[in-house]
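Engineer: show me how the following folds:
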Amino acid sequence: MGEFFSNVSRYPKYLITIVLGVFTAILEPLVRRSSNPVTAVSLIGALISGLLTLGFIVRAMVFPSSVG
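Structural biologist: Numbering: from 1, shown residues only. Presented below is the predicted three-dimensional model:
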């Protein structure tokens, strides 16, 4: 039974490692391209737009409007 809990306790470490690896793989090319001011502004705009879209989607899922 102790081996079971030992295996289960490893899963959060794997999840964190995978998520950090994905973020690193996505952000590294973006950081290299941000030296150009036009690219940097467009990247910031895309980030803000993505966060707003995610916020609106989550708000719509949590607080659905009652149509009746």
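Engineer: okay, Pro37: pLDDT?
Structural biologist: If you check Pro37, the pLDDT there is 87.
Engineer: count the neighbours of it for me.
Structural biologist: Neighbour count for Pro37, taken as other C-beta atoms under 10 Å: 8. C-beta here means a position set from N, CA and C on the backbone, and glycine is covered the same way.
Engineer: check which residues of whatever helix or strand Ile48 lives in are buried.
Structural biologist: Assigned by DSSP states H and E, Ile48 belongs to helix 37-62. Residues of helix 37-62 include none that count as buried (16 or more other C-beta atoms under 10 Å).
Engineer: would you mind measuring from the residue nearest to the spatial centre of the chain to Phe56?
Structural biologist: Centroid check for the chain by C-alpha atoms, centre = their mean gives Phe23 as the closest residue, at 7.3 Å. Phe23 sits 22 Å away from Phe56, taking C-beta to C-beta, to the nearest Å as the criterion.
Engineer: longest helix anywhere in this protein?
Structural biologist: Longest among the helix segments of the chain by residue count, using DSSP state H, is helix 2-33.
Engineer: now do that one: which elements does it pack against?
Structural biologist: On a contact count with 3 or more C-beta pairs under 8 Å, 6 or more residues apart in numbering; DSSP states H and E, helix 2-33 meets helix 37-62.
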